[in-house]
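Trainee: Provided below are the primary sequence and the corresponding predicted coordinates.
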Amino acid sequence: MITRIDDVAAAQVLAAVPGGVHVPEARLLIWRPAAQGQFTLGVVTAGTADGPVASETAAIASCIGMRVLDIRDVGVAGIDRVLKRVDDLRACHAVVVVAGMEGALASVVGGLVACPVVAVPTSTGYGAALEGVTALLAMLTSCAAGVTVVNIDSGFAAAMAAYRLTQALWPSTQ
């Protein structure tokens, strides 16, 4: 797996090492993905601008054997959108929330589900979003207990944290 690769470099690597798959939106190259396991990861975005980080998260999770439930554009500005997906979220073994602006979606999801929640602040947003710092600080101070927060724009870290959490919580089902 190669992360954060642009299209030109991906083409060069694939020419030298054939057999890989390039996932452009996720900026990822993959060889020999793991077989699909039994853990489902929900990948939730607040808005469409969070898509590239969510795509990275979903592609990494899929590559390491997790099933992915992709739920896009359910930010708190239209809270009814996330509330319509509560049953889907509660069926997941872990959820990654990808959100910029003020990062409030992580707290909302953290309050709705009992499974591990990993929050990824994104550098999207305007005004006082401060390239993701506002969302990062909001996620770190979430009143939904136990929300794990990773680096700004780090879909890779989020997928790996969710994977490790599921493996630690349900080791006998590996």
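Mentor: In hand now; what should we look at? Numbers count the residues shown, from 1 in each chain.
Trainee: per-residue confidence for residue 172?
Mentor: Looking at residue 172, its pLDDT is 64.
Trainee: can you pull the contacts of residue 144?
Mentor: Applying CB atoms under 8 Å, 6 or more residues apart in numbering to residue 144 gives the contacts 106-111, 117. Quick note: C-beta positions are derived from backbone N, CA and C, even for glycine.
Trainee: residues in contact with the closest residue in space to it that isn't next to it in sequence?
Mentor: Closest residue to residue 144 apart from its sequence neighbours, by CB to CB, 6 or more residues apart in numbering: residue 110 at 2.7 Å. Applying CB under 8 Å, 6+ apart to residue 110 gives the contacts 97, 117, 119, 142, 144-147.
Trainee: Which helix or which strand is home to residue 110?
Mentor: Element membership for residue 110, per DSSP states H and E: helix 105-112.
Trainee: Give me the distance between residue 90 and residue 143.
Mentor: 19 Å (CB to CB, to the nearest Å).
Trainee: Those two: who's more crowded?
Mentor: Between residue 90 and residue 143, counted using other CB atoms under 10 Å, the more crowded position is residue 90 (13 against 8).
Trainee: so how far is residue 117 from that one?
Mentor: Taking CB to CB, one finds residue 90 at 12 Å from residue 117.
Trainee: What number of neighbouring residues does residue 46 come out with?
Mentor: Around residue 46 there are 32 residues (other CB under 10 Å).
Trainee: And it, its phi and psi?
Mentor: With angles defined as degrees, to the nearest 10, residue 46 sits at phi -80, psi -50.
Trainee: contacting residues around it?
Mentor: 73-76, 97-101, 103-105.
Trainee: Please identify which of those residues is nearest to residue 35.
Mentor: Lowest distance from residue 35 to those (CB to CB) belongs to residue 98, with 25.5 Å.
Trainee: The closest one and residue 57 touch, don't they?
Mentor: Yes: using CB atoms under 8 Å, residue 98 is in contact with residue 57, at 6.5 Å.
Trainee: shared neighbours of these two, which are they?
Mentor: With CB under 8 Å, 6+ apart as the test, residue 98 and residue 57 both reach 43, 120, 155, 158.
Trainee: count of residues packed around the nearest residue in space to residue 47 that is not next to it in sequence?
Mentor: Nearest non-adjacent residue to residue 47, counting by CB to CB, 6+ apart: residue 75, 5.2 Å away. Neighbour count for residue 75, taken as other CB under 10 Å: 22.
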